[in-house]
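# got a predicted structure here, sequence first:
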Amino acid sequence: MNLETEKNKDFHKLAVSHISQLHSKIKYGGGKQKLQKLRDKGKLTARERIDYLLDSPEKALEIGSFAAYKMYKDHGGCPAAGVVVKVGAIAGRRCVVVANDASVKAGAWFPMTAKKNLRAQEIALENNLPIIYLVDSAGVYLPLQEESFPDKEHFGRIFRNNAQMSSKGIVQIAAIMGSCVAGGAYLPAMSDEAIIVNGTGSIFLAGSYLVKAAIGESIDNEKLGGASTHSEISGVTDYKAKDDPEALDRIKKIIGSLGETPKAGFNRIPAAAPAKDYTSLYEILPTQGSQPYDMTEILDRIVDQGSLEYYKPDYGKTLITAFARIDGWAVGIVANQRKMVKNSGGELQFGGVIYSDSADKATRFIANCNQRKIPLVFLQDVTGFMVGSKAEHGGIIKDGAKMVNAVSNSVVPKFTVIVGNSFGAGNYAMCGKAFDPRLILAWPKAKMAVMGGEQASQVLLQIQKAQLKKEGKEMDAQKEQALLDKITQQYQEQTTATYAASRLWTDEIIDPQQTRHWISEGIAMANEAPINEKFNLGILQV
């Protein structure tokens, strides 16, 4: 190991360690004391409930653990958006589990809570997975109700999704393990089966205080909407459990009795280890996003040994397209090559930039993967499409549009890993969040933005200078530099992996060494949903 690879290794090990430490703090939700208060009431915490349900908690995929990170500071924060979402096996069946974290504002719904719940339902819908709701929530967080109540992607969309999943035969089970009030009461009512925990679970449209204020009736919450009321009188719930474990055991029995469903039938053979040690991934990535490296070295540490078959390796070299296997699964890989390469005419092309020839190659490759029913894996480290007169005269817009069209209309599942940069239209062409990847993941030092920080900061500086000039003001060199530094710092913060994950632009920040596991589990998840559509590029034929 030379000095440069040693430096790379230390840099990325620290980055992974930092993310791991942040995640450890997030796991405590509202804090150790509030978690203990839940236990003192005879409850399990949200994460304890999920771990109890899952066959192998350590293999489960946690979605959106950084949701709402550093958001809602004026409201005391909302770790993990107050809800824990995991995908894992229960009684041998892969499921989505959604658990309100009552240690965070009594499980109240912040705007990002709704967004995270919708993402969980989207995963269940796309992959035909049963979904379990472990309900323990005080309802919408009223100080921010206008940001989570009335719009299309707000709270109400969850109930619309309940109805849609029901119509598609996707199993939904709700366990009422705490409060379930107001609009939230419809979630278990719209599930296929509902369980309520005696003594701690309650469900009603309006609590006792509101009932007293609205109609003058005096009644306590237990008689109004407790376990006995809904199991013996209203019939809203199907089962009454004495405690959390009994409720969760009931869910395991229900899932264990489900019949088999058709599969997509993606090809898998016994897995082989990568050609090169995946633990050396840290050594390949440089410390700066602008530095070049060979993406094939990344692939050699992710895909199964001997499985790489490059597609058109001598054409469109700034994009690598290849058939391979990951943990035995057949995949098609589209990856940005980050080193400088030469085209057929001997001209140098910049690594990380998509040129006309590479876009054309990718379009054809994506079509081939759809023809062969092979899932697609995108490894992003892209600064955008090539610009300038030569690129424009060569039809870069048309070729780029064809690639975007192919990604948009692809019917095989897509998985995106942001390795480094994800800038501009390159994010779109390489299957960014807007293009419905089944999972979109980021490595700790990934960056996502319209353009790189240096260029963007200069543009923003010029805008502010122009505004000051209109006001008849000027700034000296010292003030200009101070303003540039401030703009750069703010912009760089908004491009980080944690900033993106906090807003659910990505599903999770992962250790690069876990990439194979995430993609393999993601394909296994996607294999639960048959493909019933045909790939068609429409007017932009290849």
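Received the coordinates, thanks. Residues are numbered from 1 along each chain as shown.
# CA atoms for contacts and neighbours, from now on please.
Noted.
# and the pLDDT for the residue of the chain most remote from its centre?
Note on the chain: the largest separation between a C-alpha and the mean C-alpha position, by CA atoms, centre = their mean, falls on residue 472 (46.8 Å). For residue 472, the pLDDT comes out at 75.
# same check, this time on the one 5 residues further on
What the model reports as pLDDT for residue 477 is 72.
# what is the burial count for it?
Neighbour count for residue 477, taken as other CA atoms under 10 Å: 9.
# follow-up on the earlier one: from residue 428, how far out is the residue farthest from the centre of the chain?
From residue 472 over to residue 428 the distance is 40 Å, taken as CA to CA, to the nearest Å.
# which of the three states applies to residue 448?
Counting by DSSP: H, G, I helix; E, B strand; the rest coil, the backbone at residue 448 sits in strand.
# verify the stated contact: it with residue 499.
No - Residue 448 lies out of contact with residue 499 (CA atoms under 8 Å); the separation is 9.1 Å.
# who's more crowded, those two?
residue 448 (28 against 22).
# so who does that one touch?
With contact set as CA atoms under 8 Å, 6 or more residues apart in numbering, residue 448 has these partners: 421, 422, 423, 427, 495, 496, 497, 500.
# helices of the stretch 1-150 of the chain, start to end?
Remark: helices assigned in the stretch 1-150 of the chain by DSSP state H, counting those that start in this stretch are 3-26, 32-40, 46-53, 111-127.
# so which of these gets nearest residue 289?
Taking CA to CA, helix 3-26 is the member of the helices of the stretch 1-150 of the chain nearest to residue 289, at 11.8 Å.
# which parts of the closest one are buried?
By 16 or more other CA atoms under 10 Å, the buried positions in helix 3-26 come out as 5, 8, 9, 11, 12, 16, 19, 20, 23, 26.
# packing partners of it?
Where contact means 3 or more CA pairs under 8 Å, 6 or more residues apart in numbering; DSSP states H and E, helix 3-26 is packed against helix 281-284.
# using PDB, write down the CA coordinates of the helix it packs on.
Presented in PDB, the C-alpha positions along helix 281-284 are these (Å, rounded to 0.1, in the frame of the first residue of the first chain):
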ATOM      1  CA  LEU A 281     -12.700  -0.200  -1.300                       C
ATOM      2  CA  TYR A 282     -11.600   2.700   0.900                       C
ATOM      3  CA  GLU A 283      -8.200   2.700  -0.700                       C
ATOM      4  CA  ILE A 284      -9.500   3.300  -4.300                       C
END
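# chain center to the very next helix or strand once past that helix: distance?
From helix 281-284 onward toward the C-terminus, using DSSP states H and E, the following helix or strand is helix 295-299. A distance of 24 Å separates the centroid of the chain from that of helix 295-299, by CA atoms, centre = their mean, to the nearest Å.
# stretch 393-406 now?
Relative to the mean C-alpha coordinate of its chain, stretch 393-406 is positioned 27 Å out (CA atoms, centre = their mean).
# which residues does residue 154 contact?
Residue 154 makes contacts with 111, 114, 115, 147, 148, as judged by CA under 8 Å, 6+ apart.
# rewinding a little: redo the helices of the stretch 1-150 of the chain as TSV? Include distance to residue 268 and mean pLDDT.
As requested, the helices of the stretch 1-150 of the chain are exported to TSV (distance: least, CA to CA, whole Å; pLDDT from 0 to 100):
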stretch	distance to residue 268	mean pLDDT
helix 3-26	30	95
helix 32-40	42	96
helix 46-53	28	98
helix 111-127	18	97
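# so for residue 477, which of these sits nearest?
Using CA to CA, the nearest of those to residue 477 is helix 3-26, at 33.9 Å.
# what sits up against the closest one?
65-66, 79-80, 280, 282-287, 444-445, 509, 511.
# just the buried ones from the residues you listed?
Buried residues within the contacts of helix 3-26, counting neighbours by 16+ other CA under 10 Å: 65-66, 79-80, 280, 282-287, 444-445, 509, 511.
# so, low pLDDT: which residues of the stretch 151-300 of the chain?
When residues are selected by pLDDT under 70, those of the stretch 151-300 of the chain lie in 183.
# what ranges do the helices span in it?
Listed in chain order, the helices of the stretch 151-300 of the chain (DSSP H, counting those that start in this stretch) span 156-167, 186-189, 208-215, 221-225, 227-228, 244-256, 281-284, 295-299.
# can you redo the ones you listed as CSV with distance to residue 393?
Putting the helices of the stretch 151-300 of the chain into CSV (distance: least, CA to CA, whole Å) gives the following:
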stretch, distance to residue 393
helix 156-167, 45
helix 186-189, 55
helix 208-215, 68
helix 221-225, 69
helix 227-228, 71
helix 244-256, 58
helix 281-284, 36
helix 295-299, 29
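# which residue is the nearest non-sequential neighbour of residue 261?
Nearest non-adjacent residue to residue 261, counting by CA to CA, 6 or more residues apart in numbering: residue 528, 7.6 Å away.
# what about residue 442, how many residues close to it?
Count around residue 442 with other CA under 10 Å applied: 30.
# ok, residue 98 touching residue 85?
Yes - between residue 98 and residue 85 there is a contact under CA under 8 Å: 4.7 Å.
# residues shared between the contacts of those two?
Joint contacts of residue 98 and residue 85 (CA under 8 Å, 6+ apart) are 117, 120.
# among the helices of the stretch 151-300 of the chain, which is the most enclosed?
Ranked by mean neighbour count, the helices of the stretch 151-300 of the chain are led by helix 227-228 with a mean of 24 (mean count of other CA atoms under 10 Å).
# before we move on, the earlier item: which two of the contacts of residue 154 have the greatest separation?
Farthest apart among the contacts of residue 154 by CA to CA are 115 and 147. That separation is 10.8 Å.
# and the gap between the closest residue to residue 107 other than its chain neighbours and residue 46?
The shortest distance from residue 107 to any non-neighbouring residue, by CA to CA, 6+ apart, is to residue 137 (4.1 Å). Between residue 137 and residue 46 the computed distance is 11 Å (CA to CA).
# identify the contacts common to the two.
100, 101, 102.
# so what's the second one up against?
Residues near residue 101 by CA under 8 Å, 6+ apart: 29, 45, 46, 82, 83, 84, 107, 136, 137.
# repeat that with 6 Å
Residues near residue 101 by CA atoms under 6 Å, 6 or more residues apart in numbering: 46, 82, 83, 107.
# any idea how far it is from residue 313?
Distance of residue 101 to residue 313, computed by CA to CA: 49 Å.
# same deal with the last one?
The span separating residue 102 from residue 313 equals 53 Å under the rule CA to CA.
# which one's more surrounded, the two?
Counted by other CA under 10 Å, residue 102 and residue 313 do not tie: residue 102 has more neighbours, with 24 against 14.
# ok, the residue lying closest to residue 336 once chain neighbours are set aside - contacts?
Among residues not flanking residue 336 along the chain, residue 319 sits closest, at 4.7 Å (CA to CA, 6+ apart). By CA under 6 Å, 6+ apart, residue 319 lies in contact with 335, 336, 337, 358.
# mind putting those into a markdown table with neighbour count, distance to residue 294 and secondary structure?
What follows is those, written out as a markdown table (neighbours: other CA atoms under 10 Å; distance: CA to CA, whole Å; DSSP: H, G, I helix; E, B strand; the rest coil):
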| residue | neighbour count | distance to residue 294 | secondary structure |
| --- | --- | --- | --- |
| 335 | 27 | 11 | strand |
| 336 | 30 | 9 | strand |
| 337 | 26 | 6 | coil |
| 358 | 22 | 16 | helix |
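# tabulate those (TSV), appending pLDDT and distance to residue 194.
As requested, the contacts of residue 319 are exported to TSV (pLDDT from 0 to 100; distance: CA to CA, whole Å):
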residue	pLDDT	distance to residue 194
335	98	45
336	98	47
337	97	51
358	96	52
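# ok, of those residues, which one's closest to residue 299?
Of all the contacts of residue 319, residue 335 has the smallest distance to residue 299: 9.0 Å, by CA to CA.
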